[in-house]
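1. Curious how this folds, go ahead:
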Amino acid sequence: MRKKALKAAFPYTLPICIGFLFLGISYGFMMRSKGFSVWYPFFMSMFIFAGSMEFVTASLLLSAFNPVAAFFMALVVNARHLFYGISMLNKFKNTGVKKYYLIFGMCDETFSINCNVEPPEGVDRGWFMFFVTVLNQIYWVAGATLGALLGYVIHFDTTGIEFVMTALFTVMFVDQWRETDNHIPALTGLFCSILCLILFDSEYFIIPAMILIVVCFAAMKKKLYKKEAEK
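-> I've put the predicted structure just below:
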């Protein structure tokens, strides 16, 4: 059962692997450039496992000790996971003790796969989601550690490498658009994001956009269910 789930999950994580290795390596390089040893990115990527927050944490470690500010910074940066968690409540049911790791390891990319991909017939959903999660974390830890190790001997400018993840999500959006006839959810997310980007600027638009998307989906709940039932 576990081998079957691992084989089913692995192909879906390959695009994430490429993005995580590039971003992880850039993160490791950055940590080395700030004077941290290889153990910092290794353990931070293993226990924090929140890419954007890990980048922020590097600066927090070098600044004055302020746990309250660090708490609110982490809350704002990772607030989107509140919405991820709500949407995964049903999928995490009946997964046993795996549920706790699934909750811990639910990054953006893992959420995208576990939320949208149906495991092949005969594959246990819980183990499928588990291996998607653990493989993605392995990619991130490996990339961060490799980047830190290479940082001892190689020095180059990694500015702009974070665009890899933007490209990845664009590809996912296009794939989902092509695979479904109902484009209302995609258009809703796109419209809400653009509207909030205009109103709140790029630095603050994410949380308002997510709130607006949730409100819109709640208002359209019956209509969306009806379209699914008609298929």
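2. remind me which residues of this protein are low pLDDT?
-> 155-169, 172, 221-231 (pLDDT under 70).
3. Residue ranges of each domain in it, please.
-> 2-160, 180-231 (automatic domain parsing).
4. Let me know which of those is tucked in deepest.
-> domain 2-160 (a mean of 17; mean count of other CB atoms under 10 Å). C-beta coordinates here come from the backbone N, C-alpha and C atoms, glycine included.
5. how far out from the middle of the chain is that one?
-> How far domain 2-160 lies from its chain's middle: 7 Å, per CA atoms, centre = their mean, to the nearest Å.
6. now the strands for this protein?
-> Secondary structure of the chain (DSSP state E): no strands located.
7. for it, what's the longest helix?
-> Longest helix in the chain, counting residues (DSSP state H): helix 2-33.
8. Next, the contact list for the nearest residue to residue 10 once chain neighbours are set aside, please.
-> Of all residues not flanking residue 10 in the chain, residue 135 sits nearest, at 6.5 Å (CB to CB, 6 or more residues apart in numbering). Contacts for residue 135 (CB atoms under 8 Å, 6 or more residues apart in numbering) come out as 9-10, 13, 16-17.
9. same thing but at 7 Å, please
-> By CB atoms under 7 Å, 6 or more residues apart in numbering, the contact list for residue 135 reads 9-10, 13.
10. now do residue 151
-> The contact partners of residue 151, taken as CB under 7 Å, 6+ apart, are 28-29, 32-33.
11. and if you look at residue 53?
-> 74, 77-78.
12. Which ones among those map onto helices?
-> 74, 77.
13. Nearest to residue 184 among the contacts of residue 53?
-> Minimum distance to residue 184 across these is 27.7 Å, recorded for residue 78 (CB to CB).
14. Hmm, residue 50 and that closest one touching each other?
-> Yes: under the criterion of CB atoms under 7 Å, residue 78 makes contact with residue 50 at 5.6 Å.
15. returning to what we had before: make TSV out of the domains of the chain and add distance to residue 173.
-> Formatted as TSV, the domains of the chain follow (distance: least, CB to CB, whole Å):
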stretch	distance to residue 173
domain 2-160	10
domain 180-231	7
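16. Contacts for stretch 3-21 next, please.
-> Residues from elsewhere that reach stretch 3-21, judged by CB under 7 Å, 6+ apart: 109, 113, 117, 119-120, 122-124, 127-128, 131-132, 135-136, 139-140, 143, 164-165, 168.
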